[in-house]
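S.K.: Build me a structure from this.
(one chain, ligands or ions: 2)
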Amino acid sequence: MNLASLYHRASAVQRRDSKQIFQEYIKVMKWRADGRDTIIDIGSGSGNVLMDHIYPLLPPNFKAVLSTDISARMVEFARQNYGYIKRAQFEVLDIACAELPHHLCNRFDHVTSFYCLHWVQDQKRALQNIRQLLRVSGGDCLLVFLANNPIYDVYLTLAKTQKWCDYMRDVQQFISPLHSSSDPGAEFSKLLAETGFVDYTVEIRNEIYVYDGTQNVKDNVKAICPFLERMSPAMQEDFLDDIVQCVADMNLREADINTKDFKFIAPYKLVVVYARKPNEFLSTMIEETERVTKRLM
Ligand SMILES: C[S@@+](CC[C@H](N)C(=O)[O-])C[C@H]1O[C@@H](n2cnc3c(N)ncnc32)[C@H](O)[C@@H]1O
Ligand SMILES: CC(C)=CCC/C(C)=C/CC/C(C)=C/C(=O)O
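M.R.: Ligands and ions are numbered 1, 2, ... in the order given. Reported below is the predicted structural model:
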C-alpha cells in the first residue's frame, strides 16, 4: 500500500475499530510500574490511527513509540505528519522479514498492530518476529486484523474475468489468509501456540460498516486496492465501477432515498488478539529450540 494521503483521508472503518479496541484493551495491557513503556506499532500506514487515537491514551511518561511499516512512502508520510512528536520514531519494517534488525530485538514492552496482519501471508513468521520484538521477559501484544471481508470476494470474482485477469494474476497474495477459514479463531490460536505465546485470547468479532455514497466507497477501496497502480487512470475508474457493480451483484448495495445515491454494506470478521510473552526461562527455551530447528533445516 502506498497511497498514504488518500489512506489518511479514507480509512474511517480502520480508525473506528482500532480506537474502540485499544480503549477496551488498554485496561488489560500490562503497563510498566515506572510508566516508562516502549511500544512498537506494526503496519502503521500513514500514522493516523497510532498518532491520533493510540498515542493520546498512552501512559503520560511512556518512553517511546516506534511507528513502522513495510512501505517507505507510508513511513515518510507518517514522519512528515507526526515527526514533531518528541517520543515518536519512524522506521521501515517488514514484519514478515526473515531476520529482524538486531537493534529491534527484545526491546519493546508492547507490540500493537491495527489492520495490517491480513496483508501478511506468512503470519507464523510475523508472530515469531512479534515475539522477538518483545522484551525477554513478559511484554504483550494487541493485534487487530481482518479474518474476512467482502472486498476479497470482489477481488476473487474480478480476477476470473477476461477483462481484469491480466492485472490480478497474484490476487491470492492479497486475500486475508483467514478469509475462507471456517474457524479463524482456532487457526490463529494454533499459530500463537506454535510461536511460543502461552497466555493469549483470540476474539472473532462480527462487524458491519456502512459506506455512505458511491464516491466514498470508491475512495476507501482506492486507498487499499493493490491492483489499481498497475492500471492507467481511465482503467482505474473502469475497475472501480466494476467493483461497485460486483458489490451490487452481491446485494451489498442499497438505494439511499435521502441522497439519491447508494449505501454500501460491508459485513466482516475482525480478529482481536491479546497475547503475553512467557517468562524469561520459557522464552529462552523456545528461542533456543527455534535456533536449533533453524540450524537442522
Ligand atoms: C490498512 S493499513 C493499516 C494502517 C494503520 N495501522 C491503520 O490502522 O490505519 C495496512 C498497512 O500495513 C502495511 N503492511 C502490509 N504488509 C506489511 C508487512 N509485511 N509488514 C509491515 N507492514 C505491512 C501496509 O503498507 C499498510 O500501510
Ligand atoms: C461493500 C464493500 C465490499 C466495501 C468495500 C470495503 C473495503 C474498502 C474494505 C477494505 C478492507 C481492507 C483490506 C482494509 C484494510 O486493509 O485497511
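
S.K.: Near ligand 1, which residues of the protein? Just list them.
M.R.: By the rule C-beta under 6 Å from any ligand atom, the part of the chain lying against ligand 1 is 1, 11, 14, 18, 42-45, 49, 69-71, 74, 93-96, 114-116, 119-120, 224. Any C-beta I mention is one placed from the backbone N, CA and C, and that applies to glycine too.

S.K.: Return the subset of these lying in strands.
M.R.: Residues of the residues of the chain next to ligand 1 located in strands (DSSP state E): I42, D69, F114.

S.K.: Going by distance to ligand 1, which of these wins?
M.R.: For these, the closest approach to ligand 1 (C-beta to the nearest ligand atom) belongs to F114, at 3.5 Å.

S.K.: quick one: pLDDT of the closest one?
M.R.: As summarised for this prediction, F114 has a pLDDT of 98.

S.K.: quick one: it and G47 touch, right?
M.R.: No: using C-beta atoms under 8 Å, F114 is not in contact with G47, being 11.2 Å away.

S.K.: Return the residues of the protein in contact with ligand 2.
M.R.: Going by C-beta under 6 Å from any ligand atom, the residues of the chain near ligand 2 are 14, 115, 149-151, 154, 211, 217, 220-221, 224, 247, 252, 264, 266.

S.K.: mind running it again at 5 Å?
M.R.: Within reach of ligand 2 by C-beta under 5 Å from any ligand atom, the chain has these residues: Q14, Y115, N149, P150, I151, N220, V221, I224, V247, L252, F264, A266.

S.K.: pLDDT weak spots in this protein?
M.R.: Applying pLDDT under 70 to the chain picks out residues 1-2, 280-284.

S.K.: which strand of it spans the most residues?
M.R.: As assigned by DSSP E, the longest strand anywhere in the chain is strand 261-276.

S.K.: Can you spell out which helices and strands pack onto the first helix or strand past it going along the chain?
M.R.: Per DSSP states H and E, strand 261-276 leads on to helix 280-296 as the next helix or strand towards the C-terminus. Under the contact definition 3 or more C-beta pairs under 8 Å, 6 or more residues apart in numbering; DSSP states H and E, helix 280-296 sits against helix 123-133.

S.K.: and the angle from the helix it packs on to strand 261-276?
M.R.: On the basis of axes from the mean of the first three to the mean of the last three C-alpha atoms, to 10 degrees, helix 123-133 is oriented at 50 degrees to strand 261-276.

S.K.: Helix 280-296 and helix 123-133, what's the angle between them?
M.R.: Using the same axes, to 10 degrees: helix 123-133 against helix 280-296 is 130 degrees.

S.K.: quick one: contacts of helix 123-133?
M.R.: 40, 42, 95-98, 100, 104-108, 111, 113, 117, 120, 141, 143, 177, 188, 191-192, 194-197, 277, 283, 287, 290 (C-beta atoms under 8 Å, 6 or more residues apart in numbering).
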